[in-house]
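Visitor: okay, sequence plus prediction incoming.
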Protein chains: 2
Amino acid sequence: MRNPKSNLEQYTVVGQSIPKIDATEKVTGSAQFLIDIELPNMLYGKILRSGYPHARIARINTEKAKRVPGVVAIITAKDTPLIKFGFMKDQLPLKHGKVKSVRDEVAAVAAVDEETAAKALELIEVEYEELPPVFDPYQAMKPDAPIIHEEMKSNTVNLPFNFKHGDVERAFKECYRVVENTFKVNFVTTAALGTMGCIARFDERGDLTVWTNTQAPFEYQKDLGEANGIRGSRIRVIQPKIGGSFGRGMDVYPIDIITVLLAKKTGRPVKIVFNREEEFSASPTRQPCIFRIKTGAKRDGTLLARDAELYMDNGPYVSWGAFDARVMMATVCGLYKVPNVRFNAHVVYTNNPYSGTVRGAGNPQSTFAVESQMDMLADELGIDRLEFRLKNANEPGYITPQGMKITSCKLGECLNAAASRIGWKGRHKAGRNRGIGFASYFHVGGGARVFRSDGCGAIVKIDDFGKVTLITGATEIGTGSDTAMCQIVAEELQIPVENVQIVNDDSSIRPWDVGTHASRTTFIGGNAALLAARKAKQKLLEIAAKVLEEDVTNLEVKNGIVSSKIDSKKTMPYDTIVRRGHFKLSGEIIIAEAFYDPPNEMQDENYRGNISVTYGFGTQAALVEVDRDTGKVSVLRFVSVHDAGSVINPMLAESVVQGGVAMGVGLALTEQLIVEQGRVMNASFADYKLLTSLEAPPIEVQFVESSDDAGPFGAKGVGEAGVIPTAAAIANAIYDAVKVRVTEIPMTPEKILTALEHRQ
Amino acid sequence: MRNPKSNLEQYTVVGQSIPKIDATEKVTGSAQFLIDIELPNMLYGKILRSGYPHARIARINTEKAKRVPGVVAIITAKDTPLIKFGFMKDQLPLKHGKVKSVRDEVAAVAAVDEETAAKALELIEVEYEELPPVFDPYQAMKPDAPIIHEEMKSNTVNLPFNFKHGDVERAFKECYRVVENTFKVNFVTTAALGTMGCIARFDERGDLTVWTNTQAPFEYQKDLGEANGIRGSRIRVIQPKIGGSFGRGMDVYPIDIITVLLAKKTGRPVKIVFNREEEFSASPTRQPCIFRIKTGAKRDGTLLARDAELYMDNGPYVSWGAFDARVMMATVCGLYKVPNVRFNAHVVYTNNPYSGTVRGAGNPQSTFAVESQMDMLADELGIDRLEFRLKNANEPGYITPQGMKITSCKLGECLNAAASRIGWKGRHKAGRNRGIGFASYFHVGGGARVFRSDGCGAIVKIDDFGKVTLITGATEIGTGSDTAMCQIVAEELQIPVENVQIVNDDSSIRPWDVGTHASRTTFIGGNAALLAARKAKQKLLEIAAKVLEEDVTNLEVKNGIVSSKIDSKKTMPYDTIVRRGHFKLSGEIIIAEAFYDPPNEMQDENYRGNISVTYGFGTQAALVEVDRDTGKVSVLRFVSVHDAGSVINPMLAESVVQGGVAMGVGLALTEQLIVEQGRVMNASFADYKLLTSLEAPPIEVQFVESSDDAGPFGAKGVGEAGVIPTAAAIANAIYDAVKVRVTEIPMTPEKILTALEHRQ
């Protein structure tokens, strides 16, 4: 599919900063989130967790708990079909025999209200026999480490995300300078405002309806079905409004399956929603990683080789988060042009909480490592940090060692724009204790074929009042994708965007989509919507040809009016055309459907293949000031420049970047889930240092002029972009300010002070 | 569109008596009807009615009522935009200046609960100045009658439903025998279990969502919009499960508009649902009619002429019910072959409650007259009543005087089958005080083009699990049409019917349909579903051709398996084909849409035109016993034989006929809304003599072997059929038993006794 060349000025709806179509209902509180949904006769569930990082379950006694008035059911593993689930089918929803983390699910209660369920939880008696735990991936890889999954031989997960291209060893020998470091990213969590939850109801036929915050309703339908031994055809997935998700909604989790098990057991609808403490301690985190990385360049600044070894603290169960190693691989191999690369991943079971995939899907972690080294290497080479990046910047036509084909790419412009805007004058020129840092990113921007299908379906219906309904598989998780798709439909039909509404909450109605991940929704869902709208427009024009008695090729729509290009008298509002076509003998109505499956590739077993139709690029620049007495870093200015193709809605695109940067600044400086002995120690907003609006730096977002041939009206994905290079840019700015290189995030005042002390 | 010839044996799903797809949820009580729906922050409305049949409103004082704690709003006409609405735009939702019936709406309250609203209603003070009322259409037509609508010159509604064909005067002169009578049909009501109601909610954008029992959601959207001055594009119509409707849902009524007005005024969702007393006294009734009719035949029994004069007591406002005069016209002109016909209707305003259109849409009224006369004329001619009907029976190729083209027609077979089954041996042969009576019907069976479009849209989606969703405009009002359409889709796709689900509750999602009326839904909606399923099947086979590497023309689906007709090794379950086609590069999914607009005609200004693609026929036979002492009529046996084309689901078709017969027996013998001085005197189930299950006669339903070329798998409409000839058959049986001709229904014991006394 080749879409019209972008020239935003030629568009009337695309390129306009209209407010989110669901803004009003969210602001006024009328939007229905999962927590708002109450069904007749509904029960409320609570989950009992182990509290031990590694232990054998000796005995469970639920008798006392069962006697609490209002308790309807209590289930443990023995009440379940013991079907393993998950990315590697390595866990049970309710654990059997052994618990492998403190948050492991041991029993669940359904009661008439949450208080009763909580009371019953306290009365469930579980005896454990403690086992030696292991919390560190290095330790876990040692031969004498306690084996977490006893049926396996080691704690290393069988996910050999290893890639090699060129002759890395020889290339390093040819390098003029080589830097080698170890970077560390700790536990962080999504801190989504809408906590995890599920409502499950079986109808009289035994068919299941679930209300869930999933980002991937059709995968959820399949996976939840398999986990419960129910055919997907008997499961209907409804998505209420989603209060943030950030990747958390990519997997099926124990909470989902347990809700279904309780609904099955009780024959009543059951709702489980995490409270904030549960959300902090039992929802999936970003993968903590250790990155050993080595990068080398020639004397003239040409990058020659990069070699990375990743140690991922996976916790005891594998989620889609482990797959993020492959995103990290793409960054190591593809951010800047590097001819010789090697990437090895070690995904390691530990007794820590298990992770999920979180916004950027590993890219913030790997970009922190790669871009920190870019500055270090530039300095070693004595080349300006901006020049060094420009010299190695990706460009159109470049193919990464993994075979990712760069089509549209304005990374060079992004670098220059960021440098110009932040006022880069060379290193250590920002003022006393002040520094400027850069970091760029390379991310999928035209889908990501990690499932066998990367498609999205869409149906466009135009009614007699000219109201257009877009029924799409694509899921809105707060990024504004629904609004962007409505703009795309309105632009294609040349009608006011207020006339377009979107329907995408019910798997039994909407066409298939793989889910919202990998910054794909505006691109893929947008292309599907565009195709369906194009067909609908064709039908409209064909009807208009009959109504206006004009050749269809002479007709056009502008601002909702269908007109002949050659006879100005032949003109009529589009909704009148619809009615004229409909209300007559042999009438017609306008419905069109389309499925857009992008021409990207599933990578082969060697991790080669053009996984995305196009890629997103961008550069961030931070101006920071470091307080040498307290170690506190203040981000004085933050510039975020993106090549996201044509921007469908500048205000929303800017918002999504701003949110990403705020998340990235948190990742860089403040956010950490303190996990000690496998237990989350700061499970509250008071203790988990999410950036507040007052703490967020001023963020300047800029989009370079760009258009992608494959994107809907030239757009590329940008949903995750904001968070990806932020930590690296800030780390580089800190170094520029006070010449200390911090290799572990968050870069807390303590770490800065320690680093300053070591330097002195 | 020409569909495959029916031979029910060739089908696997069509022709099977599967239970209604929504049976379980209705039986268990989990189905959500309007009354079950509760929205957050919802208010409850109540309507104050005039209590006077004809009066001027002098003053309304709502001050006391407003002070009732919990009352949120009280509205009268002055709070409304005074937009007239209805079939003839002759009424306001809240009356202004004058009330024209005792149920006229004068004020409405929204309060936190129904009790509070009811309390406030009692405190609203209204002063009236009484005006002379008129309750009888003959009186109302007199020049000195009080004029109900002062802006009009007379009480005769400007709806000249007059038709003439042939030379009626001369034909009557040529007749050997002529009978002339006046028949009367009194007020009856639908007595639907689910009472009338509406929930309205405005969102923050000012867009309106309504939950309603409408049968015609898209007409409702348009009409409700016009009545409130809101564009249809800003109205979303949701239909919960409908607890019976019987035509009541064809119009927008004051209750709908008042609910919207209260929601607008309060900014909160408002629900108004009639209690049973309101349902009896304020929901639309069947039109009370007086039928002066004259029929004549030649000596050999050939019908020559029929002339009917209809006086319809319309009440003060015109609904779609007035249009039923046109259905009566069709019966007068088309039931049996009559070359010379005249029909004149007088639709007359009175101060009685106003009527709606009710099941059969006038046909039970006219068939009572026409078929009573058929017996009388046969007796006059000395011809067997069955033979007389057979001689004049409609047949394929016949065109009625109005231009209705009879295609499939087995009226002769129906007559013979009914006679054979009931044991007809000639008149007065059923035994002492026992009698047998016949009556046939002629009704639209392939749509009815009374709107400019008679179409229905459908979308068929096949998901990866093989689950098929039919999204249709067609509305289920309890007849089983949803089930029939699922069977049609399953038959076309050759898959189990359990794999098909239906979605048709939301105007923002479903394609357009004109509404459920005129026995059109299985025919029109079924054809739309069939067309969409056919396209989906074609897509499935095209995908299968690639997957199985076989020419598409060699492929077929049987019992859910796609196979090559020439290579038995090439075979695969259809859902596997779907997944194979989907989960690959350049994948496809299966969605198909269709719009079926039947090739029927809108009648011209002279009431000529083939209004339906095909027509339904049938004959009922009643065996009754009359108690000469009490006048009580017992229906001992009741036979109902139909030419409904191929029967998609015999059990459901039988059920819908049985329900119709029960309604018809009620109409014949027991049901009457007693209206005195414009006021309903028996507004309760205790007083309104609806047939209970114990009182219903044994009903034997039979379908003659038939198939219609235009129907989906040969089907024709049969939804209304059961009720149409019942009263006539019973009247004829009563005459056969005791030789009294009762010309007014219901034929209560009092009327029978009076008639017997007069005879003696």
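Guide: That came through fine. Numbering: from 1, shown residues only, chains lettered A, B, ... in the order given.
Visitor: check the gap between A:Asp144 and A:Leu131 for me.
Guide: Per CB to CB, to the nearest Å, A:Asp144 is found 14 Å from A:Leu131. Every residue, glycine included, has its C-beta placed from N, CA and C.
Visitor: quick one: contacts of the one helix or strand in chain A whose mean pLDDT sits lowest?
Guide: The helix or strand of chain A with the poorest confidence is helix A:23-28; it has a mean of 92 (mean pLDDT, DSSP states H and E). With contacts defined as CB atoms under 8 Å, 6 or more residues apart in numbering or on different chains, helix A:23-28 is touched by A:Lys20, A:Ala31, A:Lys241, B:Asp203, B:Glu204, B:Arg205.
Visitor: could you chop chain A up by domain?
Guide: A:8-31+A:455-596, A:34-131+A:191-282, A:363-445+A:604-759 (automatic domain parsing).
Visitor: starting at the chain centroid, how far to the shortest one?
Guide: So that's domain A:8-31+A:455-596. Remark: domain A:8-31+A:455-596 is offset 27 Å from the chain centroid, using CA atoms, centre = their mean, to the nearest Å.
Visitor: residue closest to the middle of chain A?
Guide: Here the mean C-alpha position of chain A is nearest to the C-alpha of A:Arg359 (CA atoms, centre = their mean), at a distance of 3.5 Å.
Visitor: hmm, back to that, buried residues, the least confident helix or strand of chain A. List them.
Guide: Neighbour counts over helix A:23-28 (16 or more other CB atoms under 10 Å in any protein chain shown) mark A:Glu25 as buried.
Visitor: what about the residue of chain A most remote from its centre, which SS state?
Guide: Taking CA atoms, centre = their mean, the residue of chain A most remote from its mean C-alpha position is A:Lys569, at 51.2 Å. With DSSP: H, G, I helix; E, B strand; the rest coil as the basis, the three-state label of A:Lys569 is coil.
Visitor: so it versus chain B, what's the distance?
Guide: 25 Å (CB to the nearest CB, to the nearest Å).
Visitor: check contacts around A:Gly525.
Guide: Applying CB under 8 Å, 6+ apart, we find A:Gly525 in contact with A:Cys456, A:Ala458, A:Thr472, A:Gly473, A:Ala474, A:Ser481, A:Met485, A:Asp513.
Visitor: which two from these end up farthest apart in space?
Guide: Based on CB to CB, the longest span within the contacts of A:Gly525 runs between A:Ala458 and A:Ser481 and measures 12.5 Å.
Visitor: give me the common contacts of these two.
Guide: In contact with both A:Ala458 and A:Ser481: A:Ala474, A:Gly525, using CB under 8 Å, 6+ apart.
Visitor: pull up the distance across stretch A:188-207, start to finish.
Guide: Distance between the two ends of stretch A:188-207: 37 Å, counting by CA to CA, to the nearest Å.
Visitor: now the end-to-end length of stretch A:665-678.
Guide: End-to-end for stretch A:665-678, by CA to CA: 25 Å.
Visitor: show me where the stretch 51-200 of chain A dips below the pLDDT cut-off.
Guide: Applying pLDDT under 70 to the stretch 51-200 of chain A flags no residue at all.
Visitor: quick one: the strands in the stretch 151-300 of chain A?
Guide: Along the stretch 151-300 of chain A, counting by DSSP state E, counting those that start in this stretch, strands occupy A:163-165, A:177-185, A:188-189, A:197-202, A:208-212, A:235-238, A:270-273, A:285-286, A:289-297.
Visitor: assign A:Ala117 to helix, strand or coil.
Guide: helix.
Visitor: just to revisit the earlier point, looking at A:Asp144 and A:Leu131, which is more packed in?
Guide: A:Leu131 (19 against 5; other CB atoms under 10 Å in any protein chain shown).
Visitor: distance check, the more buried one against A:Tyr354.
Guide: 17 Å.
Visitor: same check on A:Val557?
Guide: In terms of CB to CB, A:Val557 sits 52 Å off from A:Tyr354.
Visitor: how about A:Lys26?
Guide: In this view, A:Lys26 and A:Tyr354 are 31 Å apart by CB to CB.
Visitor: is it true that A:Glu476 lies in a helix?
Guide: No - assignment of A:Glu476 by three-state DSSP gives coil, placing it outside any helix.
Visitor: that one contacts A:Pro240, doesn't it?
Guide: No - if you go by CB atoms under 8 Å, A:Glu476 and A:Pro240 don't touch, sitting 11.1 Å apart.
Visitor: where exactly do the helices run in the stretch 301-450 of chain A?
Guide: Along the stretch 301-450 of chain A, counting by DSSP state H, counting those that start in this stretch, helices occupy A:324-334, A:363-381, A:385-392, A:411-422.
Visitor: nearest to chain B, out of these?
Guide: Of all the helices of the stretch 301-450 of chain A, it is helix A:324-334 that lies closest to chain B, at 18.8 Å by CB to the nearest CB.
Visitor: check which helices and strands that closest one sits against.
Guide: Helices and strands touching helix A:324-334, by 3 or more CB pairs under 8 Å, 6 or more residues apart in numbering or on different chains; DSSP states H and E, are strand A:163-165, strand A:289-297, strand A:303-313, strand A:340-348, helix A:363-381, strand A:434-444.
Visitor: and that helix, C-alpha only, in CSV?
Guide: Extracted as CSV, the C-alpha positions of helix A:324-334 are listed here (Å, rounded to 0.1, in the frame of the first residue of the first chain):
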residue,chain,number,x,y,z
ASP,A,324,11.8,-7.2,25.0
ALA,A,325,15.3,-8.7,24.7
ARG,A,326,14.6,-8.7,21.0
VAL,A,327,13.8,-5.0,21.0
MET,A,328,17.1,-4.4,22.9
MET,A,329,18.8,-6.4,20.2
ALA,A,330,17.4,-4.2,17.5
THR,A,331,18.7,-1.1,19.3
VAL,A,332,22.2,-2.6,19.8
CYS,A,333,22.3,-3.6,16.1
GLY,A,334,20.4,-0.7,14.6
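Visitor: go through stretch A:634-654 and flag the buried ones.
Guide: Of the residues in stretch A:634-654, A:635-649, A:652-654 count as buried by neighbour count, 16+ other CB under 10 Å.
Visitor: correction: the previous question concerned stretch A:541-561.
Guide: Within stretch A:541-561, the residues that count as buried by 16+ other CB under 10 Å are A:Leu541, A:Ile543, A:Ala544, A:Ala545, A:Val547, A:Leu548, A:Glu550, A:Leu555, A:Val557.
Visitor: give me the residue from the stretch 301-450 of chain A nearest chain B.
Guide: Proximity of the stretch 301-450 of chain A to chain B (CB to the nearest CB) peaks at A:Arg449, 8.2 Å away.
Visitor: report pLDDT for that residue.
Guide: Reading off the confidence values, A:Arg449 has pLDDT 96.
Visitor: isn't it up against A:Pro598?
Guide: Yes - using CB under 8 Å, A:Arg449 is in contact with A:Pro598, at 7.5 Å.
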